[in-house]
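Participant: Predicted model and sequence follow; I will ask about them next.
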Amino acid sequence: MKIKIRITFMLGFIVVGTLCGCGTSTNGMESSYEELDVDYTINDDGTYTCDDNIYKYKLEVSGIEGKSQVTFIVLTNDTETSFEDVSYSLKKAQMSTGIPEFVILGWYNADAPSSDLPPMITLYDRDYVAPYMPLKELPDGYKYIGKLTEEQANDTGLAGCGMYAIMERDSLSDIYVYQECGTPIDENTLDSTTMQWAYVQWIVTQ
C-alpha cells in the first residue's frame, strides 16, 4: 500500500533546532520548518515517487547562505548530493527536460552561529566533540557511568542520555553516549530524516 503525502506551506526561510539528542534543545534557537508545495508518495520498498520519477533517498544537506545556516530536504538517487548542488540549482533556475537529479521538499533556516565550533559536551572541565559515525553496539570494555546533566550537555539536547567509559584509564579521553541520531547511509553520510538510537563516541578536544 502506498501512502500519499501532501506537503503544503509558504515559501521562505525559518529556524531549525538540532535533530539529535535526548532532550528538546534547539541549540538556543527556536525551531520551525519551511516546506514547498510538493506531492510525493512513499512506496512499499522505502523509495519515493514524485512526478512519476523514483528516488531512493530522502536526505538533508546543510551549508551557509549569507549569514544564515540552511538545511535543504531533498529526494535524490545520489547520496553524494551536496548543499552546493542544491543551492546552485536554485540560483541557476534552469529548466531541464530530463529526470531531475533531486527534488527539494523544503528547508530549515537559522542565523549562522557566531562561532564555527562544533557541538560540545563538557565533563570535568574538558570539552568533548563527536567526529565519528554512530555504532549500533557498544565496544567492549565500556561501562555505564551515569547520565549527562543539563550543564554537561551544554546546548546539544543530550541531557539525560547515558554515558559509557573505560574507567580503568587514568583519564576519560573518550566516552560513548547512547543518543538519538541520524542513520548511516554509507561510511560518510548520515540520513538525519531517519532517526535511530545508537552509541556515539565523544572525544576530548585538543
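Facilitator: Received it, and whenever you're ready, just let me know what you need.
Participant: Do a quick rundown of the helices in this protein.
Facilitator: Counting by DSSP state H, the segments of the chain that form helices are 83-92, 150-153.
Participant: Highest mean neighbour count out of those helices?
Facilitator: Among the helices of the chain, ranked by average contacts under mean count of other Cβ atoms under 10 Å, first place goes to helix 150-153 (a mean of 16). Every residue, glycine included, has its C-beta placed from N, CA and C.
Participant: how about the nearest residue to residue 60, chain neighbours excluded?
Facilitator: residue 192 (4.5 Å; Cβ to Cβ, 6 or more residues apart in numbering).
Participant: Against residue 78, how distant is the one you found?
Facilitator: 17 Å (Cβ to Cβ, to the nearest Å).
Participant: quick revisit: among the helices of the chain, which gets the worst mean confidence?
Facilitator: If the helices of the chain are sorted by mean pLDDT, helix 83-92 sits at the bottom with a mean of 76.
Participant: what residues does it touch?
Facilitator: 61, 62, 63, 65, 70, 72, 74, 101, 102, 104 (Cβ atoms under 8 Å, 6 or more residues apart in numbering).
Participant: Which among those count as buried?
Facilitator: Buried members of the contacts of helix 83-92, counted by 16 or more other Cβ atoms under 10 Å: 61, 70, 72, 74, 101, 102, 104.
Participant: can you give me the mean pLDDT across stretch 155-165?
Facilitator: Here the average pLDDT along stretch 155-165 is 93.
Participant: brain fart, stretch 171-186
Facilitator: For stretch 171-186, the mean pLDDT works out to 89.
Participant: Go through the helices of the chain and name the closest to residue 187.
Facilitator: With Cβ to Cβ, the closest approach to residue 187 among these belongs to helix 83-92: 19.3 Å.
Participant: what separates that closest one from the chain centre, distance-wise?
Facilitator: Offset of helix 83-92 from its chain centre (Cα atoms, centre = their mean, to the nearest Å): 20 Å.
Participant: domains of the chain?
Facilitator: According to automatic domain parsing, the chain comprises the domains 3-111, 121-204.
Participant: Now the weakest link among the ones you listed, please, by mean pLDDT.
Facilitator: Per-stretch mean pLDDT for the domains of the chain is lowest at domain 3-111 (a mean of 69).
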